[in-house]
Every structure is written in structure tokens, then in C-alpha cells.
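Asks: I need the structure of the sequence given here:
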Amino acid sequence: MLSNLARETRFLAKDRGALFWLALALTLSVIAVSFGVAEVREQRSTIATLTKEDAADRQNALKTQEDWGGAAYYALHFTYAPPSDFAFAAMGQRDSSPWKHRIKMLALEGQIHEADTRNADFGLVGRFDFAFLAACVAPLLLILLLYDLRASERTARRHDLLVATAGSSSRLWFPRAFVRVAALALLLLIPLWIAAIMQGTSFVITAQASMILVGALLVWWVITELISRIDALPSILLTSMIGVWLALAILMPAISKAAIDANNPVPDGGEILLLQRETVNDAWDLPKDDTMLPFAALYPELSDHVQIDEGFEWKWYYAFQQMGDEKASPLSQQYRGARLARDRQAGLVSYLSPASFVERGFERLAGTDAASMIAYEDNVRNFHAGLRAFHYPLMFPEVPYDAALLNDLPIYDPNPSSHDPSP
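Replies: Predicted coordinates:
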């Protein structure tokens, strides 16, 4: 067996066509990994800069305040989802979902969904990262390496003689295909491994990503092997394999996405933003009890402090900000639940599409999948709830203002203990 592999390796070294495709695979892998590393470096730099500037800006804003309401209003807090050590391989939902916000203690849903926009360029063409290379481009390269192994020998009328000389078909074609598949996998993975070491990616995640890629190549190897056994011209076999690739890598994901989206309608983020803002704006013209009584029902521990004696009081202002979030909450939960439902169903359908399975697998390992981005939104909501829990006991009982207490303001933690959102 080893002698057969050595023989096929020598043959491969003389095949200029195969060497071209293998060189292209290495080049594309280097490009994809380089793009990903550069993007992660830029995002980390942005986070570091904004974190520093945010702390200084908040400190300056708080210096001039004289009451709890003003301190809560003018203090902004930078929140973000840092890229993981493997995000360079799969940017995933970070291209289409916000991964940073600067919030204050006003109605939160509007602040979250105000940035609920898609990157138009990436929405059309996508990002060329390693996940895309592994999912969609690598199968094409494998097809180009394997499609004419048998057919070219049939065309040259050497097929039967080669099989007879080898003793069996498997002893001839398996080593030849194995060497090419192994070379392709190795050339794709070497840049990934180097980048993983540079980025400090754990061995377990790197190994899992490698197994996903190798497993996908084995699936496509089986597909090409079955088709290549057909006695047909190389051009016909290549067309057939490309057709299967189009069906599994392009058509299946596109059709399933359309069906899943139709089955799980998602409210537009703008609808949530509009509902929350209308509720807040309408509160200015409503009797104050229409705001304070529902607020007291939410916070019974503050019910003795909801009486409004003046035309404007900060506690009334923040109470109707809270009511804006409460009014938008059902629509926001529907938005969140539908996105998770779409993601779960897409995960099931991905078992029918090797390309989708690979891409989702890489995004999950990189922490850039839909569930991770929803977990970030949940983390922002938890942090905002902590801001309210800090300010309300000071603001509503009208505790005398003491700027020193602001040293205990909640600090945003980008890495909460759990990132497993569920409906």
C-alpha cells in the first residue's frame, strides 16, 4: 500500500494540471486566512480604542452632573461582542448583525435595533473567509482534481490494462485519489493551522475545524467517485459533478432558506424601534399615573416613591422609558424567537447540504453564528437591567446625590458565563 502511495505521489508531482489546482488551493487558503486575521485585528483595535474613549467620555460627563437622573442620562456605556480566537476563520453573522453598541439608561430596545441593519456589500457577495473556502470552493477544487482519473484512461484506452496490471480497480484508483485528496486537505489546512497558532486558538477547536473540513472532502470524494464510474467523456462527468455541486451547495441552501424564512416570519427591527419610540413619545401627553401605576406594578418595592409632585421629574422620565421597553417586549421576543427557530431549522436542513454543514460548523466554533449574536443582545439587556437596578434605588427614593457612589456603576462584561440562548 505504501509503495502504491509513493508511486502515485510521484505521478502527482508530474501532473501540471493537478499541481496548478493544488497551488491555487494553497493560495486561496492563505488569502482567506489573511483576510480573516486582518479583520479580527481591526475589530479588536476598534474595541480597544472605543473602550478607552468610552471610559474617558463617561468620566467627563459625570463630573458635571448634580442629580441621579442627569448622571444616568449622560453616562454612555460601550458594549461589544469580542471576536473569538477562531473568528478569523468564519466571520459569519458578525458581517450582518451588530456586534457593538453604546447605550445609556433609556429605553433599550430602540438602542439595540437602531443599529439593526445589514452590510449591503457583504449581503450581496458575502465575505471570502476560510469557512466559505472550505464549504464552497474546496469541493470544486476536489472535483477538478478527481473527475477525469478514470475517464482520461478510458479515452486513452489504457483503463482495462491498468486495472489488470494493478490486480484490482481499488488498488489502482484508491491510492491515486487518496494522494490528491490528502494533498488538497493538507494545503488548505496548513495556513489555517499557522493562523490558529498565531491567534491562540485552542487545539480542540482547531482539531474540530480540521475534522469538519476533512469530513466534507471525504463526502465529496465519495460523490465524485460514484459519478466517475460512469462510462462517459470527461467533459460529461465534469458537467455532472458541477451540477451536483450546484444542487447541494447553492440550490439546496437557497431553497431551504426561502422556505424557512417564509415559515418563520421575523418582525423588522424598525418595527420594534418605532413601537418603542411611539410609546415613549406618547407618554409626555398622558396623565402621569398612566405611567407610574404600571411601573409600580413592575417594581412593587418602589411603589411608595412613584408619586410625582412636579411637572417633570427624572423618575417619571425613566419610568416611561421602562414602559417603552415593556410595550416593545412582545415584539422583541417574537423577533428573537423567530431568529432562533430559523437557525434551528437551518441546522437540520444543513445535514442535506455539505456546504451548509461546513459553514455552520465553522461559525459555531468561531462564535459567529446566529445564536452567539443573539447571546450578545441578551448580554446587553442583562447589563442594561443592571444599570436600572443600580439607579432606581437611588433615584426613586430621592437619595441625596453623592458622586462617589457612581464608582460602583455596573461594568460591562463581554464574556458572560452562558452564551446558550433559548426561546
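Asks: What residues sit buried inside stretch 341-349?
Replies: Within stretch 341-349, the residues that count as buried by 16 or more other Cβ atoms under 10 Å are Arg342, Asp343, Gln345, Ala346, Gly347, Val349. No exception for glycine: its C-beta is placed from N, CA and C like everyone else's.
Asks: pull the CA atoms of it into CSV?
Replies: The C-alpha trace of stretch 341-349 is given here as CSV (Å, rounded to 0.1, in the frame of the first residue of the first chain):
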residue,chain,number,x,y,z
ALA,A,341,-36.3,29.0,15.2
ARG,A,342,-34.9,29.8,11.8
ASP,A,343,-31.4,28.9,13.0
ARG,A,344,-32.5,25.6,14.4
GLN,A,345,-34.4,24.6,11.2
ALA,A,346,-31.4,25.7,9.1
GLY,A,347,-29.3,23.4,11.2
LEU,A,348,-31.5,20.5,10.4
VAL,A,349,-31.5,21.2,6.7
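Asks: ok so Asp231 is a helix residue?
Replies: No - read with DSSP: H, G, I helix; E, B strand; the rest coil, Asp231 is coil and lies in no helix.
Asks: re the thing from before, quick one: which of the buried residues of stretch 341-349 is nearest Asp268?
Replies: Of all the buried residues of stretch 341-349, Arg342 has the smallest distance to Asp268: 14.5 Å, by Cβ to Cβ.
Asks: Which of the helices or strands spans that closest one?
Replies: Assigned by DSSP states H and E, Arg342 belongs to helix 314-349.
Asks: Can you give the distance from the following helix or strand past that helix to the centre of its chain?
Replies: Counting by DSSP H and E, the element after helix 314-349 in chain order, helix or strand, is helix 354-366. What separates the centre of helix 354-366 from the centre of its chain is 10 Å, taken as Cα atoms, centre = their mean, to the nearest Å.
Asks: State the next helix or strand along the chain beyond helix 354-366.
Replies: Defined by DSSP H and E, the subsequent element after helix 354-366 is helix 370-395.
Asks: for that next one, which positions count as buried?
Replies: Applying 16+ other Cβ under 10 Å to helix 370-395 flags 370-381, 383-384, 387-388, 390-392, 394-395 as buried.
Asks: same deal with stretch 311-330?
Replies: Buried-residue list, stretch 311-330, by 16+ other Cβ under 10 Å: 313-325, 327-328.
Asks: Kindly format the C-alpha coordinates of it as PDB.
Replies: Extracted in PDB, the C-alpha atoms of stretch 311-330 (Å, rounded to 0.1, in the frame of the first residue of the first chain):
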ATOM      1  CA  GLY A 311     -44.300  68.900  36.200                       C
ATOM      2  CA  PHE A 312     -41.100  67.000  35.300                       C
ATOM      3  CA  GLU A 313     -39.200  64.600  37.500                       C
ATOM      4  CA  TRP A 314     -36.500  62.200  36.400                       C
ATOM      5  CA  LYS A 315     -38.200  59.200  37.900                       C
ATOM      6  CA  TRP A 316     -41.200  59.800  35.800                       C
ATOM      7  CA  TYR A 317     -39.000  60.200  32.700                       C
ATOM      8  CA  TYR A 318     -37.200  56.900  33.300                       C
ATOM      9  CA  ALA A 319     -40.500  55.200  34.200                       C
ATOM     10  CA  PHE A 320     -42.000  55.800  30.800                       C
ATOM     11  CA  GLN A 321     -38.700  54.800  29.200                       C
ATOM     12  CA  GLN A 322     -39.200  51.500  31.000                       C
ATOM     13  CA  MET A 323     -42.800  51.300  29.700                       C
ATOM     14  CA  GLY A 324     -41.500  51.800  26.200                       C
ATOM     15  CA  ASP A 325     -39.400  48.700  26.600                       C
ATOM     16  CA  GLU A 326     -42.300  46.800  28.200                       C
ATOM     17  CA  LYS A 327     -44.600  47.700  25.200                       C
ATOM     18  CA  ALA A 328     -42.000  46.600  22.700                       C
ATOM     19  CA  SER A 329     -41.000  43.400  24.600                       C
ATOM     20  CA  PRO A 330     -43.600  41.000  23.000                       C
END
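Asks: can you list contacts of it?
Replies: Here stretch 311-330 makes contact (Cβ atoms under 8 Å, 6 or more residues apart in numbering) with 67-70, 72-73, 105-110, 272, 275-277, 279-280, 283-284, 288, 291-292, 294-295, 298, 305-306, 308, 388, 391-392, 395-396, 398.
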